[in-house]
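> below are the sequence and a predicted model for it; my questions follow.
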Amino acid sequence: MNNFSIELNNVTKYFGRLLVFKNINYSFDSGKVYGITGRNGSGKSTVSRIICGINSASKGKIKYSKNGTEVAREAVYSLVGFVAPYLVLYGEFTALENLSYFAEIRGTEFDEERAKFWLNEFELYKRRNDLLKGFSSGMQQRMKFIFALIHNPDFFILDEPTSNLDVAGKDKVYEIIEKTARDKLIIVASNEESDLELCSEFLNVEEFKAVK
Amino acid sequence: MKSVGVFKKDWASELRTRYAINALAMFILVTISVILFSVGQETLSGELTGGLLWVVIFFSAMSGLSRGFVSEEERGTTLTLHLIAKPSTVFTGKFLFNLLLVFIMNIVIFFLFLAFFDSFAIESGLIITLAFLFGNIGIAVSSTIIAAIISKANTKGTLYPVLSFPILLPLILILIELTNFAIVGTTLDEAFVDIAILIIYDIIMITASYMLFDFIWND
């Protein structure tokens, strides 16, 4: 089991002059599922994006550690599996082509068997050679999970993970979260009660919305 | 090479969508046709055709080379790229893609000029080859970094030529000068200073672009 931890130290975010949240101090460790909660517009997605290194914090620091060794922010992209409704994959490529290009750009060997395994798990195997632009929103959401899982990352950030999914899709996601959480760190940002039922600890962004 | 992966993805995407290639082809066709109609039976001097060549190249570049970053931003796939590659990998991949487009575009324009303008006769093949090689690298790297900058803006279409003009102007002026040297048959020794400036321009633009790109890519 890889020991991965993330430490937020006084993380503050402004959009222009608008304060989104202030001085978040929190730590995440592997083997647990964390929930990020808060009302619409409270900054759940912003925290998620800052944690996975896509956006930077206005103030404060984030420390990533793998087996006790600090990981540079620039290297975090290769260790994270990210799913969000606003994540868009390449519509002009097929499901398999998308995964193949992602592997090549990540600098890893494309494991076709692994890709087929996950496509099968998410019931997309029959559509593996179809262009993604022909996929329904639910199927695209399933593809995003394959995108997040295919490179075997150390931690996952799942922002509204079950949006657009049907009951079977949601059950598959919950099953994967349960299995993966045994040795990985999972952060779920959501308002769906069923999504948050799997979480053992919570970070409520609302608590960090101090008036300037 | 991870950046080659970005390049291959972009090239495969371009072959399916034909966004940049069609825009470039149409622009080249229209501009050269307009020049031919306006010139009519007049005979243009070699210097003038050399200048027109780079005017066509500059505006053609404006019509298609922003695609690399703008299309990622418009489709919302920028986030996906953030999650699979380092900024330098993304920039190198996009630069390679633009370099290929610039070479294809400029070779087509060059041969169309040779075919349609009698005064466009090259005496020094070496000078025009060097001008083309380093000029294309300069155009590709400049257009790539400008595309990265404007992809974050709201008015992408108008901002691209506005930002490109001051950055590409020194390059275009040197390239016009070198093309005239190639047409009149100047020796390589006499053209050395201009070629050296061209190479220095490329080095400065490549270095500055790699240094700047991290700040553009990460908000």
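Okay, I see it. The model shown is predicted, which means the values in this text are computed figures rather than measured ones.

> for the residue minimising distance to the centre of chain B, which residues are in contact?
Averaging the C-alpha coordinates of chain B gives a centre point, and the residue nearest to it by Cα atoms, centre = their mean is residue B:139 (3.6 Å). Residues in contact with residue B:139, defined by Cβ atoms under 8 Å, 6 or more residues apart in numbering or on different chains, are B:57, B:61, B:65, B:102, B:106, B:168, B:171. (Glycine included, C-beta is placed from N, CA and C.)

> and residue A:208, by the same measure?
The contact partners of residue A:208, taken as Cβ under 8 Å, 6+ apart, are A:21, A:22, A:23, A:24.

> touching, the first one and residue A:13? I think so.
Yes: applying Cβ atoms under 8 Å as the test, residue A:21 and residue A:13 come out as touching, 5.8 Å apart.

> between those two, which contacts overlap?
Contact criterion Cβ under 8 Å, 6+ apart; residues bridging residue A:21 and residue A:13 by contacting each: A:43, A:46, A:47.

> before we move on, what SS does the closest residue to the first one other than its chain neighbours have?
Spelled out, that is residue A:43. Across the structure, with Cβ to Cβ, 6 or more residues apart in numbering or on different chains as the measure, the residue nearest residue A:43 apart from its sequence neighbours is residue A:20 (4.3 Å). Residue A:20 falls in the strand class when you classify it by DSSP: H, G, I helix; E, B strand; the rest coil.

> and the contacts of residue B:139 as CSV, adding neighbour count, pLDDT and secondary structure?
Output for these, formatted as CSV (neighbours: other Cβ atoms under 10 Å in any protein chain shown; pLDDT from 0 to 100; DSSP: H, G, I helix; E, B strand; the rest coil):
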residue, neighbour count, pLDDT, secondary structure
B:57, 24, 93, helix
B:61, 28, 87, helix
B:65, 28, 83, coil
B:102, 26, 94, helix
B:106, 22, 93, helix
B:168, 24, 92, helix
B:171, 23, 95, helix
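
> what about the strands in the chain?
You didn't say which chain, so I picked chain A. Along chain A, counting by DSSP state E, strands occupy A:4-15, A:18-29, A:33-37, A:59-66, A:69-71, A:80-83, A:155-159, A:185-189, A:201-204.

> I'd like to know which elements the fourth one is packed against.
This means strand A:59-66. strand A:4-15, strand A:69-71 (3 or more Cβ pairs under 8 Å, 6 or more residues apart in numbering or on different chains; DSSP states H and E).

> quick one: contacts for the residue nearest to residue A:43?
Shown in contact with residue A:20 (Cβ under 8 Å, 6+ apart): A:13, A:14, A:43, A:46, A:209.

> tell me the least confident of these?
Ranked by pLDDT, the contacts of residue A:20 bottom out at residue A:209, which has 79.

> tally of neighbours for the residue lying closest to that one once chain neighbours are set aside?
Beyond its immediate neighbours in the sequence, the residue positioned closest to residue A:209 (Cβ to Cβ, 6+ apart) is residue A:21, lying 5.7 Å away. Burial of residue A:21 is recorded as 24 neighbouring residues (other Cβ atoms under 10 Å in any protein chain shown).

> quick one: residues in contact with stretch A:131-142.
The contact list for stretch A:131-142, computed with Cβ under 8 Å, 6+ apart, reads A:83, A:85, A:89-95, A:98, A:122-124, A:127, A:143, A:162-166, A:169, A:172.

> at 10 Å what do you get?
A:83-85, A:87-95, A:97-98, A:118-119, A:121-124, A:127, A:130, A:143, A:160-166, A:168-169, A:172-173, B:16 (Cβ atoms under 10 Å, 6 or more residues apart in numbering or on different chains).

> residue B:177 contacts residue B:135, doesn't it?
No: counting by Cβ atoms under 10 Å, no contact exists between residue B:177 and residue B:135, whose distance comes to 11.1 Å.

> check which helix or strand residue B:196 maps to.
Secondary structure assigned from DSSP states H and E places residue B:196 in helix B:188-217.

> mean confidence for that helix?
When pLDDT is averaged over helix B:188-217, the result is 94.

> enumerate the positions of that helix that are buried.
B:191, B:194-195, B:197-198, B:201-202, B:205-206, B:209-210, B:213, B:216-217 (16 or more other Cβ atoms under 10 Å in any protein chain shown).

> one more: stretch A:164-181?
Residues A:165, A:169, A:170, A:172, A:173, A:174, A:176, A:177, A:180, A:181 are the ones in stretch A:164-181 that count as buried (16+ other Cβ under 10 Å).
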